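Colleague: Please find the sequence and the predicted model below.
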Amino acid sequence: MERLTNERINRDLLAPLLKTGWRFYAVVLVSGAVVAWALFAWGWQLVHGIGVTGKRRPEFWSLYITNFVFWIGISHAGTLISAILRVTGAEWRRPVTRCAEAITVFALLVGSMFPIIHMGRSWLFFWLAPYPNWRWLWPNYRSPLMWDFFAINAYLIGSLIYLYLPLIPDLALVRDKTTGLRRRLYAALSLGWRGTEAQWHRLEKAVSVMAIIIIPVAVSVHTIVSWDFAMTLNPMWNSTIFGPYFVVGAIFSGIAALILAMAVLRRAFQLEAYLRPRHFNSLALLLLVMSLFWFYFTFAEYLTVWYANEPAEMAVFWSKVRGPYSPLFYAMVLCCFVIPAPVLAFKRLRTVPVVAFVSALVVVGMWLERFLIVIPTLGHPRLPFNWRGYSTTWVELSIMVGTFAYFTLLYALFTKLFPIVAVWEFKEGRHKEISDLKFEISDPDYERAHSSHV
Amino acid sequence: MFEDAGGARRAVRELLAAGADRAAVTIMSGEPHLEGGEPLTEMRRTRIPYFSLAGGTLGAAAGFALVYLTSHAYPVVTGGMPLVPPLTTGIVMYETAAMGAIFAALGRTLWEARLPGWRAARGDYDAALSDGGVLVSLRAPSAEEAALWEQILADAGGRDA
Amino acid sequence: MPHWGMVIDLDKCTGCEACVVACRTENNVPLAGEEQTALGRQINWIHVERYWEGEYPEVKARFLPVLCQHCDAAPCESVCPVYATSHSPEGLSVMTYNRCVGTRFCANNCPYTARYFNFFRPAWEAPLERALNPEVSVRANGVMEKCSFCVQRIQQAKLDAAGEGRAVRDGEVKPACVQSCPTTAMYFGDLDDAESEVSRRAESGRAFHLLGELGTRPRVIYLKEE
């Protein structure tokens, strides 16, 4: 294999920005078309009313909220990889961080559209914002939806900044490699970055501080999303475990989405030298741990409901375990635990294709988990006369598929405009390894010198 | 322009030993080379974490003020349930604190790193940095000292850029 | 200040649903049509739940008229992000239709499933729109609605009483459902007034709160069947 010189690194990682193949246009066109169709479906819904979806009494929330929770869950990929691994000093995170941070930002953008889409009067969504108005009307801060408003905004802003700050040096790199209008664009975006010692020191400090702030924010975001359900009086929703359960599920689905994205990018941009099997191996181990965690929480949740045998909750329980939702329930367990845990436990099976396939299963399984949290409970309210089944419509499905296409579109555009592997971090990691070795060999004061730099 | 960080740092150490002012030296590189010791150029301790903490406190206070004052500006009848419960207000304060901390960290970082610095980038920079070199630039107070520093840098292996 | 409440005697309820019809007429409740009702989009501010007991041939039907219970500790009111639903000083759980943005969180948090959503634009086939009650607003597409204890009738009674310089008499206010019940199974009045009909009937040994163990403190008291 050719040696990874600086020139080669620059060439490989900037290639997607400087050259465009037909596949890029194909991806953009197809996802753009699906997004256009989804917009049409949403327009149809705005004109005719929420009745064009499958929602009904008593399932007042269905696929839109399922997708909302799903996407916010996916957005926890970036935080885990970037922030926690950065704070703990795990060096293998370096080629993966930007890919993960981009997933976070775009998953948040897509996910935060759903509360607006699911509203009966979407055009009034801004009434949830606390702004002064002539009628002295302010929102109700006691509502979990208001906590969502604050939390998701905080996380989105934080993630955008956390994505942008380490991007600045790479933007400067692209500025140096391009000419004309593109150069001016990147020069503006990189804020005149020069790479002085002072700037590097400040940037690394800022990114560490941001990492420390963003971890509790991410935990709070999905906890607050879970409290949309847990704060109600509904059977199998009013559970104290929901906060941690959802966070664990979010990290689980986030890692799976990250692995999938990395596998796709690796193939599409020939990044085999940068996104190596050891990265997939480490992420697969994390995925295994989260799968076990997820199973633990799910088991605890279902056991306590079953054991207490409270009638209202048992109605929901049986509908999932024995009733109309049972195929989905067992598919979920299969996809989230029964297949992933044994497969990922064996090192020989942790190859890139196998891990990517298992991640795809996990993503599907976690979507099913969100569905099974939302709809069976709503379908079985406390007064049994109101129980009802659920079926969906083309509008809901179109919008759902459209959001997946929207995510793909945003991500494809991102890879076209910005390097998907953090170039400077990757280079820093490489010569950190080299200089560690050099110090070990030649400098008896290696320990002291090494520990003086965080 | 130096080929690698080791050479650049040796050269700068020689310069400083020869009497150059720390504040006048700037080392620029395509990736950070700070491992292995203290920074060589003049650098005050960064205050980003403190500003971030202050921003967080301000954010929490702002969140509380928002909830408390606006809830009482037009108190809706809640039928006996508390209007500003501490637990729920705490949640809102947590998020506004995070936002405050984030903005403060960003602001202070840009300030300390003197970004946006488009004018500096046009003057004191070489695009070849992105291919892996390390650039050392000096502001010399007089012409003879400039010649002396250039000689030291060239001796240490630097190319003119 | 009166604190309104209702008593429903389940022993007298025959499940005829006259209350349902009267309520829709009084409050401009839109018709969903057969197809949409089968899907679950119907709006019935008061609906009568029917539960079967026993096996054939000893089958018994039990009827439970359920409406918004106007709970003192209403779980629906705390979760509305825009305060479209709140409380009145007289104990009513009130809706502000124009403020509702349609998040449907309140509907999910009502344990009685007594809240309804306008899945489509409310529309009446000609000439039914001539039967609309001018004292009640017509709701918009995407807005929640529910029983209001016929607040327009309460307001009218208070105005009439104020005009005559007296307090509202017991039994003067009759919501549409109470008025139309053929077996007089429903009573409405001031629960704070110890002499009112509802207060006296609420003292019965058969009295219970629907789902009372949840702590919602509803203002509708049911009387068990004998």
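Modeller: Okay, I see it.

Colleague: How confident was the prediction at residue A:371?
Modeller: Here the pLDDT value assigned to residue A:371 is 96.

Colleague: and it, what is it in contact with?
Modeller: Counting by CB atoms under 8 Å, 6 or more residues apart in numbering or on different chains, residue A:371 makes contact with A:63, A:66, A:328. (Each C-beta comes from the backbone N, C-alpha and C, glycine too.)

Colleague: which parts of chain C sit against chain B?
Modeller: Within reach of chain B by CB under 8 Å from any CB of the partner chain, chain C has these residues: C:71-74, C:77-78, C:83, C:86-89, C:91, C:93.

Colleague: Take those residues and write them to JSON lines, including pLDDT.
Modeller: As requested, the residues of chain C next to chain B are exported to JSON lines (pLDDT from 0 to 100):
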{"residue": "C:71", "pLDDT": "94"}
{"residue": "C:72", "pLDDT": "92"}
{"residue": "C:73", "pLDDT": "91"}
{"residue": "C:74", "pLDDT": "93"}
{"residue": "C:77", "pLDDT": "93"}
{"residue": "C:78", "pLDDT": "91"}
{"residue": "C:83", "pLDDT": "92"}
{"residue": "C:86", "pLDDT": "91"}
{"residue": "C:87", "pLDDT": "92"}
{"residue": "C:88", "pLDDT": "92"}
{"residue": "C:89", "pLDDT": "91"}
{"residue": "C:91", "pLDDT": "92"}
{"residue": "C:93", "pLDDT": "94"}
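
Colleague: Most neighbours among the contacts of residue A:371, please name it.
Modeller: Neighbour count (other CB atoms under 10 Å in any protein chain shown) singles out residue A:63 as the most crowded of the contacts of residue A:371, with 26 neighbours.

Colleague: what's the spacing between that one and chain B?
Modeller: Remark: distance between residue A:63 and chain B (CB to the nearest CB, to the nearest Å) = 27 Å.

Colleague: one step back: tabulate the residues of chain C next to chain B (JSON lines), appending distance to residue A:216 and neighbour count.
Modeller: Listed next are the residues of chain C next to chain B as JSON lines, based on distance: CB to CB, whole Å; neighbours: other CB atoms under 10 Å in any protein chain shown:
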{"residue": "C:71", "distance to residue A:216": "36", "neighbour count": "26"}
{"residue": "C:72", "distance to residue A:216": "37", "neighbour count": "17"}
{"residue": "C:73", "distance to residue A:216": "32", "neighbour count": "16"}
{"residue": "C:74", "distance to residue A:216": "33", "neighbour count": "26"}
{"residue": "C:77", "distance to residue A:216": "30", "neighbour count": "25"}
{"residue": "C:78", "distance to residue A:216": "25", "neighbour count": "23"}
{"residue": "C:83", "distance to residue A:216": "29", "neighbour count": "22"}
{"residue": "C:86", "distance to residue A:216": "33", "neighbour count": "20"}
{"residue": "C:87", "distance to residue A:216": "35", "neighbour count": "21"}
{"residue": "C:88", "distance to residue A:216": "40", "neighbour count": "18"}
{"residue": "C:89", "distance to residue A:216": "41", "neighbour count": "10"}
{"residue": "C:91", "distance to residue A:216": "42", "neighbour count": "21"}
{"residue": "C:93", "distance to residue A:216": "37", "neighbour count": "27"}
